[in-house]
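Participant: what shape does this take:
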Amino acid sequence: MRTSLIEDGRAIIALAMQIALRQSLHHTDIPLSWERLAHVFGYAAGEISRGRDPAEYLMDASAPLLWKRGVMVPRTPSEKRVTYSTGRTQFMALKEYFLPVAPLLGAMSVISSHPYSPQNPLDSRWPSYQSGPEGLLRGYRAGVSFMDDPDDELLTKATIIYALRFQQLLTRKAMHERSKPLLSPQQIVTLESDLYPAEIEDTHRIVSRADGQVFLQEPLLEKDYKAQGLYAQELLHQEGTKNCASSLEQQSLEETVQTSYPAMILPPLPRAIVDALRSYKDVNQKPR
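Facilitator: Got it, this is the predicted structure:
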C-alpha cells in the first residue's frame, strides 16, 4: 500500500505542480487553484476525458510508468494500472498528504519528463521493465528521479535547484486577481540551500523536427533524443516554436542564476491541458 501511495503522489501531485507552475508563468489569465488542478485530473476535463491522461501530454512516452499503464505496451489483467487521472476526492486527499514536499515533487516531475541516463544501472531498481521503445538506449529514458538513484549527484543538485524555484514562485500570489498563493510557507518543508533557484527556459530545446519526428536536447546531460508518443506529436504540431530556448521575461536580469547547473524547461502548456483548466467552473464564484 505504501508503494502504491508513493506512486500515486509521484504520478498525480508531482504532475499537478508542474502544470501549476507552467500555468502561472504562461497562462496568467486563468486563476490558479487546487480545485482547478483537481478538475484537470478528473474524467470530465475536455479532451483528456477521451482516453488520455495529463501525463501523456507532459512526459516523454519512454517513461517506465507510462509503459506499464499501457501507453507503450499492452497491460496484462494482473498488472496494477498506474493512472494519472483521478477524482476530486482522491486528488485532494493526495494533496493533503504530499503538500509538505510539493516543491520537491514538482522538481521530480520536470526532471522525469525528459529521458536521462543514470550513473548506475537500473536493472535492479526497475526489474519489471526489460526493454524500451525501439531505438532508445537501455537506461536512457524518462521517469528517472533522485528517488530512483539517490547517489547521482547531478540528479540531486537539479532536484534541489528546481524545487527552490517551485518554492519561490508558487508561494507568491499569481498574476490573476482571483488567484492566491498555491503553497503556504507554513504548510511546506521550506528548503534552504547555498544553491540558487534554477534558471527557467520557456521553449523546448528542439534539435530537429521533420518527417513526423522530433529530436530534443534534454537539460541535464544535454544529450539529444527522439521524443516519443503524444508528447512528440504535440511538439510536431506546435507553431512558431524556437529552436533555441530563451529565458523567461519574469526572471530579473539582476537575479543570480547558476548557468553551470541544468536549466528548468517550462514551456506553455499543451492546448488540451489549457482547455481542461479553462473548463473548470467555480461553483462558489458569484456571477458578475
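Participant: for the stretch 101-250 of the chain, what spans make up the strands?
Facilitator: Applying DSSP state E, counting those that start in this stretch to the stretch 101-250 of the chain gives strands spanning 200-201, 206-210, 213-217, 224-226.
Participant: what would those strands look like in JSON lines with mean pLDDT and mean neighbour count?
Facilitator: To be clear about C-beta, it is placed using only N, CA and C from the backbone, and glycine gets the same treatment. Below are these laid out as JSON lines (pLDDT from 0 to 100; neighbours: other CB atoms under 10 Å):
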{"stretch": "strand 200-201", "mean pLDDT": "94", "mean neighbour count": "22"}
{"stretch": "strand 206-210", "mean pLDDT": "88", "mean neighbour count": "14"}
{"stretch": "strand 213-217", "mean pLDDT": "92", "mean neighbour count": "18"}
{"stretch": "strand 224-226", "mean pLDDT": "91", "mean neighbour count": "18"}
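Participant: just put those strands in JSON lines and tack on distance to residue 148.
Facilitator: Listed next are the strands of the stretch 101-250 of the chain as JSON lines, based on distance: least, CB to CB, whole Å:
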{"stretch": "strand 200-201", "distance to residue 148": "24"}
{"stretch": "strand 206-210", "distance to residue 148": "26"}
{"stretch": "strand 213-217", "distance to residue 148": "21"}
{"stretch": "strand 224-226", "distance to residue 148": "18"}
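Participant: so which of the ones you listed comes closest to residue 66?
Facilitator: When the strands of the stretch 101-250 of the chain are compared by CB to CB, strand 224-226 sits nearest residue 66, at 15.2 Å.
Participant: quick one: strands adjacent to the closest one?
Facilitator: Sheet partners assigned to strand 224-226 using DSSP bridges are listed as strand 213-217 (antiparallel).
Participant: got the contact list for the partner strand?
Facilitator: For strand 213-217, contacts defined as CB atoms under 8 Å, 6 or more residues apart in numbering pick out 114, 204-209, 223-227, 232, 235-236.
Participant: now do 7 Å
Facilitator: For strand 213-217, the external contacting residues (CB atoms under 7 Å, 6 or more residues apart in numbering) are 204-208, 223-227, 232, 235-236.
Participant: what about residue 32, neighbour count?
Facilitator: A count of nearby residues for residue 32, using other CB atoms under 10 Å, gives 24.
Participant: doesn't it lie inside a strand?
Facilitator: No - judged by DSSP: H, G, I helix; E, B strand; the rest coil, residue 32 forms no part of a strand; its state is coil.
Participant: separation between it and residue 22?
Facilitator: With the distance defined as CB to CB, to the nearest Å, residue 32 ends up 11 Å from residue 22.
Participant: could you point out the longest helix in the chain?
Facilitator: Identified as the longest helix of the chain according to DSSP state H is helix 153-170.
Participant: list the buried residues in that one.
Facilitator: 154-155, 157-167, 169-170 (16 or more other CB atoms under 10 Å).
Participant: same for it, what does it pack against?
Facilitator: Counting contacts by 3 or more CB pairs under 7 Å, 6 or more residues apart in numbering; DSSP states H and E, helix 153-170 packs against helix 14-26, helix 102-112.
Participant: only the buried residues of the last one, if you could.
Facilitator: Using 16+ other CB under 10 Å as the burial criterion, the residues of helix 102-112 that qualify are 102-112.
Participant: returning to what we had before: the helices and strands packed on helix 153-170: which one's closest to residue 118?
Facilitator: Distance to residue 118, taken as CB to CB, is lowest for helix 102-112 among the helices and strands packed on helix 153-170, at 11.3 Å.
Participant: now the closest one against helix 153-170, angle please.
Facilitator: 130 degrees (axes from the mean of the first three to the mean of the last three CA atoms, to 10 degrees).
Participant: contacts for helix 102-112, please.
Facilitator: 9-10, 13-15, 17-18, 21, 59, 63, 98, 142-145, 147, 155, 158-159, 162-163, 166-167, 183, 188, 191, 264.
Participant: nothing else from me, thank you.
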